[in-house]
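**Q** Sequence first, then the predicted structure:
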Amino acid sequence: MSDTPAPRHSGPFAIGDRVQLTGPRGRLNTITLQAGGEFHTHRGVVKHDTIIGQPDATVVTATNGDAYLALRPLLSDFVMSMPRGAAIVYPKDAAQIGALADVFPGATVVEAGVGSGALSLWLLRAVGPQGRLLSYERREEFALVARANVAAFLGSEPPNWSVTIGDLSEALPSTTAAGTVDRVVLDMLAPWECLDAASDALTPGGVLLCYVATVTQLSRVAEAIRYTGNFTEPDASETIVRGWHVEGLAVRPDHRMVGHTGFLITARRLAPGTVLAKPVRRASKTEYGDEDVELWTPGALGDAAKSDKRVRKVVREAQNLAAETGAELNEPDTHS
């Protein structure tokens, strides 16, 4: 285990702390405190030494007289600003994933893919030190970004978190005993490819949650869940959060909002041998053929691939962020 102290969530600011500075016009900047360090703007300089030793939520003054509010970043602040190798799970969806999957302290949770580590941080917080998070990622570069981001926020990679490089459908059966996993969260392009491995790993009553971006993915994974016969009827939803401007009598919805980000679909693992009665449904198109399946291919789903150059840059940014906090990085497991 690393000797690097875990970041504190309260108390006076200290060297190595991440601090979010809010300027006069509301612009946010996040810095890592260093002895003698300086944060430069086009108007003036905020010296780190004026922040070190001050309590959280303090206003400090730049050399030009501008006032900056200094706060420790919340987890939601961190994940929205950290280096990204892949699209992140937004805080609104992460909160719903924790609720709908009922992730509890002490749980054993499987996650795939790991992306940039945003959901990993939320899940680690939910399972607590007594739980376990087993993350699987096909791309090693994304795993490097995620591990660096997690270490940057937590101070080091937690001992109850493992990252395995490989395909979940192949790696999970060889790394996890059948029926020992409480929750499986699949954030990937084609989660239906991993349903057999997920159902084998889940304990009876365990929760499967899939996070998908498009209606075609949602349709296919729902039908695939039903086809296995191993789960309860899937339940699908999306979460849309609309902020409000509240200032005196000027009360109105924000002009801008983050609307659709993804769909969440959940189901419970049935006990072996359990057969559900077919639900009574209204007449609708429940059958599908080859033409429909063609629409569900990864190409039709629009899998946006990042260039290798861009991913290498993000890896460097994430590892530099971890190095600023003094965090130590572990070597990932590789399944071959």
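**A** Received the coordinates, thanks.
**Q** which stretches of the stretch 201-336 of the chain form helices?
**A** 215-228, 290-294, 298-301, 308-324 (DSSP state H, counting those that start in this stretch).
**Q** According to the record, where do the domains of the chain fall?
**A** Using automatic domain parsing, the domain parsing of the chain gives 18-73, 77-301.
**Q** for the first one, the distance to its chain's centre please.
**A** For domain 18-73, the gap between its own C-alpha mean and the chain's C-alpha mean amounts to 28 Å (C-alpha atoms, centre = their mean, to the nearest Å).
**Q** Could you pull up the mean pLDDT of that domain?
**A** Model confidence over domain 18-73, given as mean pLDDT, is 93.
**Q** now do the same end-to-end measure for that domain.
**A** End-to-end distance for domain 18-73, by C-alpha to C-alpha, to the nearest Å: 7 Å.
**Q** Residue ranges in this protein under the pLDDT threshold?
**A** 1-7, 281-306, 331-332, 334-336 (pLDDT under 70).
**Q** Find the centremost residue of it, please.
**A** With distances taken as C-alpha atoms, centre = their mean, the residue of the chain nearest its centroid is Leu119 (1.7 Å).
**Q** show me the contacts for that one.
**A** 88-89, 94, 97, 111, 185, 187 (C-beta atoms under 8 Å, 6 or more residues apart in numbering). No exception for glycine: its C-beta is placed from N, CA and C like everyone else's.
**Q** Neighbour-wise, give me the winner out of these.
**A** Within the contacts of Leu119, most neighbours by other C-beta atoms under 10 Å means Val185, with 29 neighbours.
**Q** My reading is that that one lies in a strand. Confirm?
**A** Yes. Judged by DSSP: H, G, I helix; E, B strand; the rest coil, Val185 forms part of a strand.
**Q** so what's it bridging to?
**A** For Val185, the beta-bridge partners are Glu111, Leu209 (DSSP bridges).
**Q** these two touch, right, it and Leu123?
**A** Yes. With contact defined as C-beta atoms under 8 Å, Val185 counts as touching Leu123 (7.1 Å).
**Q** Overlap of the contact sets of those two?
**A** Joint contacts of Val185 and Leu123 (C-beta under 8 Å, 6+ apart) are 109, 111.
**Q** doesn't Pro55 make contact with Pro12?
**A** Yes. Under the criterion of C-beta under 8 Å, Pro12 makes contact with Pro55 at 5.6 Å.
**Q** So for the two, which residue has more residues nearby?
**A** Set side by side, Pro12 and Pro55 show more neighbours around Pro12, with 13 against 10, by other C-beta under 10 Å.
**Q** Please report phi then psi for the more buried one.
**A** Dihedral pair for Pro12: phi -60, psi 150, per degrees, to the nearest 10.
**Q** do you know how far it is from Asn160?
**A** According to C-beta to C-beta, to the nearest Å, Pro12 and Asn160 sit 29 Å apart.
**Q** Kindly report the same for Val212.
**A** Distance of Val212 to Asn160, computed by C-beta to C-beta: 27 Å.
**Q** ok, the two, which is more surrounded?
**A** Val212 (25 against 15).
**Q** The residue nearest to Ile225 when sequence neighbours are not counted: neighbouring residues, count only.
**A** Leaving out its chain neighbours, the residue that sits closest to Ile225 by C-beta to C-beta, 6 or more residues apart in numbering is Pro234, at 4.7 Å. The tally of other residues near Pro234 (other C-beta under 10 Å) stands at 19.
**Q** Can we start the residue count at 412 from this point?
**A** Sounds good: first residue 412 from here, last item Pro645.
**Q** Dump the contacts of Leu530 to a markdown table, plus distance to Ala589.
**A** Converted to a markdown table, the contacts of Leu530 look like this (distance: C-beta to C-beta, whole Å):
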| residue | distance to Ala589 |
| --- | --- |
| Ile499 | 31 |
| Val500 | 27 |
| Ala505 | 28 |
| Ile508 | 24 |
| Glu522 | 18 |
| Val596 | 18 |
| Asp598 | 23 |
